[in-house]
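K.L.:
just need the structure, nothing else, for what follows:
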Amino acid sequence: MKLKILLTGGNGFIGRNFIEQKNKKYHILHPTHSELDLARTKAVDNFFKKKGPFDIVLHAATVGGKRSEKGMRDVAEINLRIFFNIIRNKKYWKKMIHFGTGSEYDKSQDIKDVKEGDFGKRIPADSFGFYKYVTAKYIESLLLPIYHIRLFGIYGKYEDYHVRLTSNLICKYILRLPLTMIQNAYFDYLYIDDLIKILDFFIEKEPRYRFYNVGTGKSISLLSIAKIINRLSNYSMPIRVLKKGLNKEYTCDNSLLRKELKNFRFTPIGEGIRVLYSWYKKNWKDVDIKTIIEDPHNKL
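P.N.:
Model prediction:
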């Protein structure tokens, strides 16, 4: 019998990829916001009573975490309400996989090769990171089967190409526009297909720990990503970095994860970028070309 999974945030970047790749393997329920407002306690209670129980809850839904949602008010409160509405219905699920973020380590300073044991040394300055920090602290105090995975840079199809660097630069490259970024920085970038495979492990196995950094364990500069993209075809475009120096680093130590996954092969970033480039070429009709061309950074 297929495992029954409740996926929140099914319309998001990660959710869409998970559904597309795993809808035959698992029985996945992924209500939209119009079908279920996760911030409304009664609605969530009624949903679990009618649709539960579930083997797994994949809690990927958030508000205010995207750069396009920067400045959104009450981010922490809304997200905490959503989280606790799911927690209060724990009798209807066996295991939760909770999507955290590297920003729990506080992005106001460099996050460099950070380990799970470094959590709590700093309190995040931003509302979204603080919300994730609070939920992680709460999970620490529980004996429930909740696994908290801290995601760093993820790239792949269905990400927001208006603001996500890899897809944004690929689209500009296809349009033969300058490859523009605000500032160089070192990130840990994980290909979306690798994340989906990693989720299989957390769904099907019983991990040794409850908190994991999820990344490749390797750093790459944003400038290096631009240079990889600039070699995808037989032409190259100017690369423009608007600010000098380096922005804050965002990388992790993934030793705990690698011990669990054994011989897992992480997709080399050049390989992942080439697959993503091919996908955009095939699906170019769905890209809002006008907004990319009108990006004010193109004129700087």
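K.L.:
which parts of the stretch 101-250 of the chain are helices?
P.N.:
127-140, 165-174, 192-204, 222-229 (DSSP state H, counting those that start in this stretch).
K.L.:
most tightly packed of these?
P.N.:
helix 165-174 (a mean of 23; mean count of other CB atoms under 10 Å). For glycine as for every other residue, the C-beta is placed from the backbone atoms N, C-alpha and C.
K.L.:
thinking again about what came up before, kindly present the helices of the stretch 101-250 of the chain as JSON lines, with separate columns for distance to residue 210.
P.N.:
Formatted as JSON lines, these follow (distance: least, CB to CB, whole Å):
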{"stretch": "helix 127-140", "distance to residue 210": "7"}
{"stretch": "helix 165-174", "distance to residue 210": "30"}
{"stretch": "helix 192-204", "distance to residue 210": "11"}
{"stretch": "helix 222-229", "distance to residue 210": "32"}
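K.L.:
which one, of those helices, ends up nearest to residue 185?
P.N.:
Between residue 185 and the helices of the stretch 101-250 of the chain, the tightest spacing by CB to CB is seen for helix 222-229, at 5.5 Å.
K.L.:
about what we covered before: mind giving me a markdown table with the helices of the stretch 101-250 of the chain and columns for mean pLDDT and distance to residue 271?
P.N.:
As requested, the helices of the stretch 101-250 of the chain are exported to a markdown table (pLDDT from 0 to 100; distance: least, CB to CB, whole Å):
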| stretch | mean pLDDT | distance to residue 271 |
| --- | --- | --- |
| helix 127-140 | 96 | 30 |
| helix 165-174 | 98 | 13 |
| helix 192-204 | 98 | 10 |
| helix 222-229 | 99 | 10 |
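K.L.:
looking at those, which is nearest to residue 34?
P.N.:
Taking the helices of the stretch 101-250 of the chain one by one with CB to CB, helix 127-140 is closest: 23.3 Å.
K.L.:
could you find the closest non-adjacent residue to residue 293?
P.N.:
Using CB to CB, 6 or more residues apart in numbering and skipping the chain neighbours, the partner closest in space to residue 293 is residue 175 (6.6 Å).
K.L.:
now the one you found: how far from residue 30?
P.N.:
Distance from residue 175 to residue 30, counting by CB to CB, to the nearest Å: 33 Å.
K.L.:
look at those two and report which has more neighbours.
P.N.:
residue 30 (21 against 14; other CB atoms under 10 Å).
K.L.:
wait, doesn't the more buried one sit right on residue 19?
P.N.:
Yes: at 6.0 Å, residue 30 and residue 19 qualify as touching, with contact defined as CB atoms under 8 Å.
K.L.:
intersection of neighbour lists for those two?
P.N.:
Counting by CB atoms under 8 Å, 6 or more residues apart in numbering, the contacts common to residue 30 and residue 19 are 7, 10.
K.L.:
what is the helix or strand where residue 277 lies packed up against?
P.N.:
Element membership of residue 277, judged by DSSP states H and E, is helix 269-282. Helices and strands touching helix 269-282, as assessed by 3 or more CB pairs under 8 Å, 6 or more residues apart in numbering; DSSP states H and E, comprise strand 153-155, helix 165-174, strand 189-191, helix 222-229.
K.L.:
quick one: closest of the helices of the stretch 101-250 of the chain to residue 152.
P.N.:
Of the helices of the stretch 101-250 of the chain, nearest to residue 152 by CB to CB is helix 192-204, at 10.4 Å.
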